[in-house]
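fold the stuff below for me.
(one chain, ligands or ions: 2)
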Amino acid sequence: MKTFEFIRPADAGAAITTAAQAKTAQQGAEVRYIAGGTTLLDLMKLNVETPARLLDINRLPLDKIETTADGGLKIGATVRNSDLAHHATVRRDYAVLSQAILAGASTQLRNMATTAGNLLQRTRCAYFRDTAMPCNKREPGTGCPAITGSNRTLAVLGTSEHCIATNPSDMCIAMAALEATIHVQGPKGSRAIPFGEFHLLPGNTPHRETVLEPGDLITHVTLPAPIKGSKQLYLKLRDRASYEFALASAAVVISITGQNVTRARIALGGVGTKPWRSQEAEAVLVGQPATGANFRRAAEAALRDAKPQSENGFKVELAKRCLTHALQMAVTG
Ligand SMILES: Cc1cc2nc3c(=O)[nH]c(=O)nc-3n(C[C@H](O)[C@H](O)[C@H](O)COP(=O)(O)OP(=O)(O)OC[C@H]3O[C@@H](n4cnc5c(N)ncnc54)[C@H](O)[C@@H]3O)c2cc1C
Ligand code: SF4
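Residues are numbered from 1 along each chain as shown. Ligands and ions are numbered 1, 2, ... in the order given. A predicted model of the protein is given here:
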């Protein structure tokens, strides 16, 4: 690991001013915030990330979970994943989020991992994590060996000829279905970013993963007021029952009146280059009877644009079954 300076900024303003000196907030940033460290330190040990300065944000007052005036929830950036998953309001009103977080990593990791850190966790693509290999995400312009190489766990939605890396987060899939908003404070002031606009598709700039700019500090995430009577579920399919990333997952938030679906929010994990909200699946469901056949039609719509690679074609059917089953479990549950 390269040597670095470890700094404890006095307040958010000092942290932002220092971080703003970096040329980028993306891969290769010279200054990084550090929260739980469970992504960043791993990547520093591998020399994939080599920041010269680390800004410890753990002592900033960003660790509260509070209700908002409009009946929603405000989640501080440094709230630990365990605390969020076990929070009484989250368990009652945003069950899909609690389930998604608890489906990820291990107890020890969740005790360290934070809300903002989870939003910014990096792909598990093996080439990205191996500096002996080329990788467009780590070193723009060097190529993507995954396309002709080992790609079993990589994405089938939102890929480009330059990168097919999967976004590995479970928490983010639930937040996409809950239509969260990410709040950022930066050198030019504060802004609120709808969840679907925060992560970027790889296109021809896979090293740019989010809309963050140098200095931007995620301060908190808000969730809208819960949808009364909605049925929520997170289903994760993986190679082993714990301590493993999703091959396919589905977060569903669905409302039914009588026999018909009146509202649906659906997101998929393990298959997209970013947390994958499927408005196509939602459109198929709304106004239709909540039947297994319609759930399957929604799943077909969600995966219609899938582009499988040499080893991950199985994910297309797996994701369809995952979503169909998640919808069935949610409505019968
Ligand atoms: C063995 C292992 C298994 C795992 N399994 C899963 C799994 O199954 N599912 C899953 O979803 N995740 C899994 N994870 C990933 C884990 O959830 C993430 O590592 C964790 O959420 C990152 O949070 P952190 O606070 O530790 O982030 P850090 O490592 O501290 O930071 C990550 C990134 O976020 C930036 N950052 C942090 N806070 C802020 C902020 N407030 N503003 C701006 N930038 C910020 C940092 O600069 C850094 O670039 C696993 C991790 C490991 C090591
Ligand atoms: S899929 Fe993306 S992260 Fe993986 S090798 Fe290709 S460019 Fe790098």
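
so is the one helix or strand residue 33 maps to next to ligand 1?
For residue 33, the host element (DSSP states H and E) is strand 31-34. Yes - counting by Cβ under 6 Å from any ligand atom, ligand 1 has neighbours in strand 31-34: 32-34. Where C-beta positions appear, they are placed from N, C-alpha and C, glycine not excepted.

how about stretch 269-285, which residues are buried there?
269-278, 281-282, 284-285 (16 or more other Cβ atoms under 10 Å).

quick one: that stretch near ligand 2?
No - figure legend: stretch 269-285 not in contact with ligand 2 (Cβ under 6 Å from any ligand atom); closest approach 8.4 Å.

and that stretch with ligand 1, contact?
No - Stretch 269-285 lies apart from ligand 1 when judged by Cβ under 6 Å from any ligand atom; the minimum separation is 8.2 Å.

restricting to C-alpha, output that stretch in PDB.
C-alpha atoms of stretch 269-285 as PDB (Å, rounded to 0.1, in the frame of the first residue of the first chain):
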ATOM      1  CA  GLY A 269     -29.400  -6.200  -8.700                       C
ATOM      2  CA  GLY A 270     -26.500  -8.400  -9.800                       C
ATOM      3  CA  VAL A 271     -27.400  -7.800 -13.500                       C
ATOM      4  CA  GLY A 272     -26.900  -4.100 -14.100                       C
ATOM      5  CA  THR A 273     -23.900  -1.800 -14.500                       C
ATOM      6  CA  LYS A 274     -25.800   0.500 -12.100                       C
ATOM      7  CA  PRO A 275     -28.600  -0.200  -9.600                       C
ATOM      8  CA  TRP A 276     -31.300  -1.200 -12.200                       C
ATOM      9  CA  ARG A 277     -34.700   0.400 -11.800                       C
ATOM     10  CA  SER A 278     -37.100  -1.300 -14.300                       C
ATOM     11  CA  GLN A 279     -39.900   1.100 -15.300                       C
ATOM     12  CA  GLU A 280     -40.600  -1.300 -18.100                       C
ATOM     13  CA  ALA A 281     -41.600  -4.000 -15.600                       C
ATOM     14  CA  GLU A 282     -43.600  -1.500 -13.600                       C
ATOM     15  CA  ALA A 283     -45.500  -0.400 -16.700                       C
ATOM     16  CA  VAL A 284     -46.500  -4.000 -17.500                       C
ATOM     17  CA  LEU A 285     -47.900  -4.500 -14.000                       C
END
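
where do the strands sit along the stretch 201-333 of the chain?
217-223, 231-237, 248-257, 260-269, 276-277 (DSSP state E, counting those that start in this stretch).

thinking again about what came up before, biggest separation within the buried residues of stretch 269-285, which pair?
With Cβ to Cβ as the measure, no two of the buried residues of stretch 269-285 lie farther apart than 273 and 285, at 24.1 Å.

neighbours around the closest residue to residue 255 other than its chain neighbours, how many?
Once flanking residues are discounted, residue 255 sits nearest to residue 263: 4.1 Å by Cβ to Cβ, 6 or more residues apart in numbering. The tally of other residues near residue 263 (other Cβ atoms under 10 Å) stands at 15.

residues contacting residue 263?
227, 230, 253-255, 286 (Cβ atoms under 8 Å, 6 or more residues apart in numbering).

so where's the protein uncertain?
For the chain, no stretch has pLDDT under 70.

the residue in it that ligand 1 sits nearest to: how many residues sit nearby?
Nearest residue of the chain to ligand 1, counting by Cβ to the nearest ligand atom: residue 117, 2.1 Å away. Per other Cβ under 10 Å, the neighbour tally for residue 117 reads 24.

again with residue 126
Per other Cβ under 10 Å, the neighbour tally for residue 126 reads 16.

flag every residue of the stretch 51-200 of the chain that's near ligand 1.
57, 77, 104-105, 109, 112-114, 116-118, 120-121, 168-171.

if you set the cut-off to 8 Å instead, what comes out?
Residues of the stretch 51-200 of the chain found near ligand 1 (Cβ under 8 Å from any ligand atom) are 51, 57, 62, 77-78, 81, 100-101, 103-106, 109-110, 112-122, 168-172, 184.

which among these end up buried?
Of those, these count as buried by 16+ other Cβ under 10 Å: 51, 57, 62, 77-78, 81, 100-101, 103-105, 110, 112-122, 168-172, 184.

take those and keep only those in strands.
residue 184 (DSSP state E).

sorry, back to before: in CSV: the strands of the stretch 201-333 of the chain, plus distance to residue 207.
Putting the strands of the stretch 201-333 of the chain into CSV (distance: least, Cβ to Cβ, whole Å) gives the following:
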stretch, distance to residue 207
strand 217-223, 19
strand 231-237, 28
strand 248-257, 25
strand 260-269, 22
strand 276-277, 20
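
how close does residue 93 get to residue 71?
Distance of residue 93 to residue 71, given as Cβ to Cβ, to the nearest Å: 9 Å.

what do you get for residue 208?
Taking Cβ to Cβ, one finds residue 208 at 35 Å from residue 71.
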